[in-house]
Each structure stands twice: as C-alpha cells, then as structure tokens.
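# A predicted structure for the sequence below; I have some questions about it.
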Amino acid sequence: MTTTKFSNDHQRRLPSQRPHGRIHGGRSIPMSMVVGLSCGGTASRFRAVETSERARMTAIANRPDRAVADLENANIARIYDYYLGGLYNFAIDRQKAERIKLTLPSVDLLARGNRDWLRRSVRYLVAQGVEQFIDIAAGLPTANNTHEVAHALNPRARVIYVDNDPSTVIHGEEILAKEPLAAMAEADGRHPEQVWAHPAIRELIDLSQPVGIIMGGLLVFISDEDDPKGLIAAYRDALAPGSYLAISHLTADTVDAETRAQVDRMVAAYQAGVGAALHVRDKATFASWFEGMELIDPGVTLMADWRPDPGLDVDAQTPSRQLGYGALGRITT
C-alpha cells in the first residue's frame, strides 16, 4: 500500500469528538466540495464539480489539523473507489486504475461484484440482529458501503472501518464527519491486537455482544507465510457467540487460460503500480478458513452466487463472475 507522511502531533478524533465538517479558510467545507467528481465510464469523462482538481488538492493539503493525505501517489483505496464508480479519487488514481484495467478488462466489475456481496452480507447480518460491524482493510467508506447498508435497516447500528493507510483514514474521517455511529480506525488488520486496542473500537464496539467482521479486502493481501488461516482464527476466538465473519477472496479456479493470464498480469500491475502484492487462492484453501464456525447457507460459493438479488447485481455473464469466493461463518461457542 502507499506510504503517507503526516504530522506526529495530529491525533485522530473519536466519533464523540469530531466536528461536523472541516474548517478551511474560515468556513466549513464538506468533503464532497473538496474532492467531488462526476463519474462517467472512463477517466477522460471525469469533470470537476465545484473547483479545479488543483484547488481541491490544495484545500486538502492545507487542512488546519496538518494531517496530510498523499496526493502525489496512487492510492489503492482510491483506485478501488474509482472502480466502484465513487467520487473520492484523483487523476493519479484513475490513471493507475486504467493501466491495471488494461491487464484485466473486467476488474471494475470484479470490484463491484465484491461490493454487491458485501451489501448482501451486511443485510443478512442485520436481519440476524447484529448491530455492530467492523470492516477490516475497508478502504474508503463510500459507494454504499457497510455503514450505509446497515443504517438503512437499523439506524442504531455501529460501524468501524479499519485501514492501515493514513491517507485512507484521513479521507474516511472527512466522509464520516457527520456520522456519530461510524468511524475510521487506523490499525493494521494483520494484527488483531491493534484493532481491539484502538480507541474508536473501544468507544463504539462491545465485544461481549455479537459483532459482524467484514473481510472483503484484507486476505488477498496476506501471504501464505503470514498465515491467513491463523489470522482468521485469532479474530474468531476473540468474538462473542453469535458473531459472524464475512470473507471474500480473489480466485481463478474455474476460469479459462486467457482469463487466468489476465489475472496474473493484473497481480503484476498492482505490484508495479501501488506496491500491493495480491494473492490468488483456490476454493479448498478458502473453505478451510471457516474451521470452527458454522457456515451459513449456501456455504462457500462464488460471490455472485451467495444469496443473489436477481436483476440487481453486476452482470454475472462477465469473466469477473468466476474471480471471487464469498462465505459467512457464524461463531457458535
């Protein structure tokens, strides 16, 4: 992921401490004005909504709390936001995103399919009575993400987005400035103890009650040497009975040779473009991560097949349909 430098004297605000908006030049400026863009189908169709891109970047760079987002390098969370049709990305992100898309033309549909799976998973969890969510390696809280889905069904739901990239957290705090029941937590999801110790988690999440853990963007970045199965077990063992782990992951089990070659080139492009190493795994490996949990029907499936909404999800006839598994596990003891 990208590395961002920021002032050592900047302290993250908890939800109870955040102002309703940021102050710049003596007045409050919502983030939508600072980085608002209008989406088209390609990078060339983006246009500024309120100001020029240079002015928007200057406004962010001159924030009075002196926390500075990295706007010089492509950011993986903003690239993902671009693929989702979101508003929080810049020219450098879109350029890198389009280069990656040359290697796997359906990568944007893969991202949207993963987001569709997340939405269905969150809706299911809310229906089961879950009121607390931790979205790990979440990226930006945009494009109808976890808190928006949960709050549409239960306005009392509490949501924490965890990410280890300071730029992502800075942007996320702006986006969530008026959301008292949603917050960003700057922590490394590879280290559960960092997550549990974060002040935002301690303020909003009661670990003695059921929690829905979302891992839609973490494990693809975890190497086998870093033991993703053991990491999942560590989260599982810290949660109360009635909690859930919702996990998705990149795969290429059933694709043809051409699509597999495209996936390999996409992995290389991510590594070259943003320094992120992606890992592709098979169904047996993915299924083994749910040991000690009750798999929720329909079990381990392609993301597109996990409780689909007919007619509402991303076109399932593209190669992206075969490129991701999804499943939910329930903690019973």
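It's in. Numbering: from 1, shown residues only.

# now the strands for this protein?
Per DSSP state E, the chain carries strands over the ranges 22-24, 27-29, 37-38, 47-48, 132-136, 158-163, 182-186, 212-215, 244-250, 294-295, 301-302, 324-330.

# export these to TSV and tack on distance to D116, mean pLDDT and mean neighbour count?
C-beta coordinates here come from the backbone N, C-alpha and C atoms, glycine included. Output for the strands of the chain, formatted as TSV (distance: least, C-beta to C-beta, whole Å; pLDDT from 0 to 100; neighbours: other C-beta atoms under 10 Å):
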stretch	distance to D116	mean pLDDT	mean neighbour count
strand 22-24	32	30	16
strand 27-29	32	29	13
strand 37-38	22	34	16
strand 47-48	27	41	12
strand 132-136	15	98	27
strand 158-163	18	98	26
strand 182-186	20	98	26
strand 212-215	14	98	26
strand 244-250	10	98	24
strand 294-295	20	98	12
strand 301-302	12	96	19
strand 324-330	10	98	23
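
# now these as CSV including distance to A69?
CSV is the format used below for these (distance: least, C-beta to C-beta, whole Å):
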stretch, distance to A69
strand 22-24, 12
strand 27-29, 15
strand 37-38, 15
strand 47-48, 18
strand 132-136, 20
strand 158-163, 13
strand 182-186, 13
strand 212-215, 24
strand 244-250, 27
strand 294-295, 39
strand 301-302, 35
strand 324-330, 29
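
# so which of the ones you listed comes closest to S223?
Comparison of those against S223 by C-beta to C-beta identifies strand 244-250 as nearest, at 13.3 Å.

# just the CA trace of that closest one, in CSV.
Provided in CSV are the C-alpha atoms of strand 244-250 (Å, rounded to 0.1, in the frame of the first residue of the first chain):
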residue,chain,number,x,y,z
TYR,A,244,-20.0,-13.7,12.2
LEU,A,245,-17.1,-13.5,9.9
ALA,A,246,-17.9,-12.5,6.3
ILE,A,247,-15.0,-13.2,4.0
SER,A,248,-14.4,-12.9,0.3
HIS,A,249,-11.3,-13.6,-1.8
LEU,A,250,-9.8,-13.5,-5.3
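
# compute the inter-axis angle for it and strand 132-136.
Put simply, strand 244-250 runs at 20 degrees to strand 132-136, going by axes from the mean of the first three to the mean of the last three C-alpha atoms, to 10 degrees.

# sorry, back to before: to A233, which of the strands of the chain lies closest?
A233 sits nearest to strand 244-250 of all those, at 10.0 Å, using C-beta to C-beta.

# if we ignore the residues flanking it in sequence, what's nearest I170?
Among residues not flanking I170 along the chain, A69 sits closest, at 4.6 Å (C-beta to C-beta, 6 or more residues apart in numbering).

# and that neighbour, what pLDDT?
What the model reports as pLDDT for A69 is 76.

# next one: it from I92, what distance?
12 Å (C-beta to C-beta, to the nearest Å).

# all helices of the stretch 151-300 of the chain, in order?
Here the stretch 151-300 of the chain has its helices, by DSSP state H, counting those that start in this stretch, at 166-175, 192-197, 199-204, 228-238, 257-274, 283-288.

# and of the ones you listed, who's closest to G212?
Here helix 228-238 is closest among the helices of the stretch 151-300 of the chain (C-beta to C-beta), at 11.5 Å.

# related to what we said a few turns ago, quick check, the residue nearest to I170 in contact with G172.
No. Using C-beta atoms under 8 Å, A69 makes no contact with G172, being 10.4 Å away.

# who has more neighbours out of those two?
Ranked by neighbour count (other C-beta atoms under 10 Å), A69 and G172 place G172 first, with 27 against 24.

# the more buried one is in contact with D135, isn't it?
No. Using C-beta under 8 Å, G172 makes no contact with D135, being 10.5 Å away.

# anything in contact with each of these two?
Jointly contacting G172 and D135 under the rule C-beta atoms under 8 Å, 6 or more residues apart in numbering are Y161.

# which one of the strands of the chain lies nearest to A276?
Of the strands of the chain, nearest to A276 by C-beta to C-beta is strand 244-250, at 11.9 Å.

# report the inter-axis angle for the closest one versus strand 324-330.
Using the same axes, to 10 degrees: strand 244-250 against strand 324-330 is 170 degrees.
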